[in-house]
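Visitor: A structural model of the following input is requested.
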Amino acid sequence: MKHNAGMKKMLNKVNMADASQYIQYYNENIAGIGRGTQLKAQQNYNTNWFDEILQNGTVYNNTINISGGSEVVDYFLSANNFTENGIIDGSKFVRNTIRNNNTYKFLDNKLKFTQTLNLSFNKSTPKPFSSFNDAYRQTLWHR
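Guide: Next up is the predicted model:
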């Protein structure tokens, strides 16, 4: 039996524009392309969207193995669960695998039959990158 656990986080988080900086950048962009509705200069909120959508992620990997044999059969069975909760709030990936190997021996080991089975089940809950991209567009670095 084996268990591993870890954490993930964004290493180089960029500085976000505050509300007035973003409004200025957005309105300059709208004026530059000549279409769209400009935002009013005074906003009630000053949200740091990176702080809102990012979290520390977790990674878990659990494995159990059973093996053995006799004069007529060797066997190996393994089950694994890998779970990753991503750094974008609500994103998740889960993979479960089962592996089975058996070797059957006949005629005093003169004839062998080997069977292998691998199964994998995945479930992913991705979040659209647009939420991350929208937050990134509000950074001072992006300007």
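
Visitor: got any ranges where the chain has weak pLDDT?
Guide: For the chain, residues meeting the criterion pLDDT under 70 lie at 128-143.

Visitor: Do I have it right that residue 81 meets residue 93?
Guide: No - in this structure, residue 81 is not within contact of residue 93 by C-beta atoms under 8 Å, at 11.6 Å. Every C-beta, even on glycine, is put in place using the N, C-alpha and C of the backbone.

Visitor: hey, which helix is longest across this structure?
Guide: In the chain, with assignment by DSSP state H, the single longest helix is helix 19-33.

Visitor: which element follows that one toward the C-terminus?
Guide: helix 49-53 (DSSP states H and E).

Visitor: For residue 18, grab phi and psi.
Guide: phi -80, psi 180 (degrees, to the nearest 10).

Visitor: Isn't it up against residue 46?
Guide: Yes - judged on C-beta under 8 Å, residue 18 makes contact with residue 46 at a distance of 5.4 Å.

Visitor: Identify the residue nearest the geometric centre of the protein.
Guide: Centroid-nearest residue in the chain, with C-alpha atoms, centre = their mean: residue 86, separated by 4.3 Å.
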